[in-house]
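>>> Mind folding the following:
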Amino acid sequence: MANKSVLTNKPVSSDNTTSPDMADFTDVVTSTAFTLYDLHSHTTASDGSLSPSALVIRAAQMRVGVLAITDHDTTAGLAAAAATIEQQQLPIRLIPGVEISTLWENHEIHIVGLGMDIQHGSICQLLSEQSERRYIRAQEISARLAKARIPGAWEGANRLAEGGQVTRGHFARYLVELGLASNVGQVFKKYLAKGKTGYVPAQWCTIEQAIDAIKQSGGQAVLAHPGRYDLTAKWLKRLLAHFAEHGGDAMEVAQCQQAPHERAQLAQYARDYNLLGSQGSDFHQPCSWIELGRKLWLPAGVEPVWRDWLQES
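Residues are numbered from 1 along each chain as shown. The predicted model follows:
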C-alpha cells in the first residue's frame, strides 16, 4: 500500500459514508475496500496516555487510513506524529486538528477543528489564550487540593502530563495513584466536580470565537460528541441551532461507544440543521471499550465532513 501520510488539510477522498453491511463489522473494520476515518483522538500533548508517535503506530495497527489528532487546546503533538508517519512509512493520512474548550449557557462545549493551517495567526492566538487559561485553572486546582491536605498535586499532574498541558485528567490520575479513589471517574465525582474540593470553574472562549479562529485558519468547525453533554433534547437542539447559525460546519455523529438509536438520532439532527457528519473514537488511552477506528461509520443520508476534501495528488 502506497504511503500517503503527510500533515495536511487535504486528505484522501473516500466513499465510506455508510456501512455496507453492519454484520461485516466487528471491533475493528478489517476491509481494505475503503478508507477508515477516525477524526477525534488525543495524545500526551494533552490528556492522552500515548505519545503522538505511539498513537499513529496504533492507528496503523487498527487500519485507520485517515487520522485527526485533536488534543485539547493545542497542536503540539502534530509534528512528532507526522515525523513518525514519514519515518516508518505508515499508510495514514494525518489531519491537523484540535479540540477547543468553550463555554455556552454555563455548559462546557467542545469544538473540534479539522484541517486548519496550524501556523495561522488566528488559531495560534486563540490557543495561546486557551493555554494560559488552562494553566491558571490548573494552578488553582492544585492550590485547592493542597488546602484539602492533598499535597504534591501540581508536581504529580505535571509528571503525568509528560511535558504536555496539565488537565483535570492528570490531577485525577494522580489522585488515583495516591489511593484516594479507585478510578478517574470516582476522582471527578469526589474531588473535581462542581461543588467539590478541587472544582474550579472554567473560563474558556465562546463557541463563536472557536468557530471563527478555526475557519479563519482554513479549517472546519465540528461540534464534538453532542450526545455526551448534560442537556435535555430541547437544549441540545438550541445548542445545534446556535452552532449552525454561527458558521459551524459539522457535528460528530458516530463514536465507537454508542447505542444504535443515539447514532440514528444524531444523524437526524445533522440533517435537520444542515450540518456535515463527522466520526471519531475520542481515543485517550488503550482500554476495552474505546479503540481507534472502532465501529466508525456514518448512517445513510449524512454528508461526511470530508466531502469537500481534495484528493491528494
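
>>> didn't His42 look like it was pressed against Ala68?
No: in this structure His42 lies outside contact range of Ala68 using CB atoms under 8 Å: 10.6 Å. The C-beta positions use only the backbone N, C-alpha and C, and glycine is treated the same way.

>>> where do the strands sit along the chain?
Along the chain, counting by DSSP state E, strands occupy 37-38, 66-69, 93-104, 107-114, 205-206, 220-223, 250-254, 276-279.

>>> Identify each buried residue in the third one, please.
For strand 93-104, burial by neighbour count (16 or more other CB atoms under 10 Å) applies to 93-102, 104.

>>> quick one: low-confidence parts of the stretch 101-250 of the chain?
When residues are selected by pLDDT under 70, none of them lie in the stretch 101-250 of the chain.

>>> If we go by neighbour counts, what in the biggest helix by length in the chain is buried?
The single longest helix within the chain, with elements called by DSSP state H, is helix 121-147. For helix 121-147, the neighbour count (16+ other CB under 10 Å) marks 122-124, 126-127, 130, 133-134, 137-138, 141-142, 144-145 as buried.

>>> which of the residues you listed lies closest to His110?
Gln130 (11.7 Å; CB to CB).

>>> Can you give me every residue that contacts the closest one?
Counting by CB atoms under 8 Å, 6 or more residues apart in numbering, Gln130 makes contact with 73, 100-101, 204-205.

>>> just to revisit the earlier point, pick the one among the buried residues of strand 93-104 closest to Lys196.
Looking across the buried residues of strand 93-104 and measuring by CB to CB, the closest to Lys196 is Ser101, at 19.2 Å.

>>> Would you quantify the distance from that closest one to Asp117?
21 Å (CB to CB, to the nearest Å).

>>> repeat for Glu132
Separation of Glu132 from Asp117 (CB to CB) stands at 22 Å.

>>> related to what we said a few turns ago, in JSON lines: the strands of the chain, plus distance to Trp289.
Converted to JSON lines, the strands of the chain look like this (distance: least, CB to CB, whole Å):
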{"stretch": "strand 37-38", "distance to Trp289": "15"}
{"stretch": "strand 66-69", "distance to Trp289": "20"}
{"stretch": "strand 93-104", "distance to Trp289": "20"}
{"stretch": "strand 107-114", "distance to Trp289": "20"}
{"stretch": "strand 205-206", "distance to Trp289": "31"}
{"stretch": "strand 220-223", "distance to Trp289": "23"}
{"stretch": "strand 250-254", "distance to Trp289": "15"}
{"stretch": "strand 276-279", "distance to Trp289": "17"}
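
>>> Identify the bridge partners of the residue lying closest to Phe243 once chain neighbours are set aside.
Spatial nearest neighbour of Phe243, excluding adjacent residues (CB to CB, 6 or more residues apart in numbering): Leu223 at 5.1 Å. Beta bridges link Leu223 to Ile111, Met251, judged by DSSP bridges.

>>> What distance do you get for Leu223 to Leu160?
The spacing between Leu223 and Leu160, counted by CB to CB, is 29 Å.

>>> Pick out whichever of the two has more residues nearby.
Set side by side, Leu223 and Leu160 show more neighbours around Leu223, with 28 against 20, by other CB atoms under 10 Å.

>>> OK, contacts around that one?
For Leu223, the contacting residues are 109-112, 239-240, 243, 248, 250-252, 275, by CB under 8 Å, 6+ apart.
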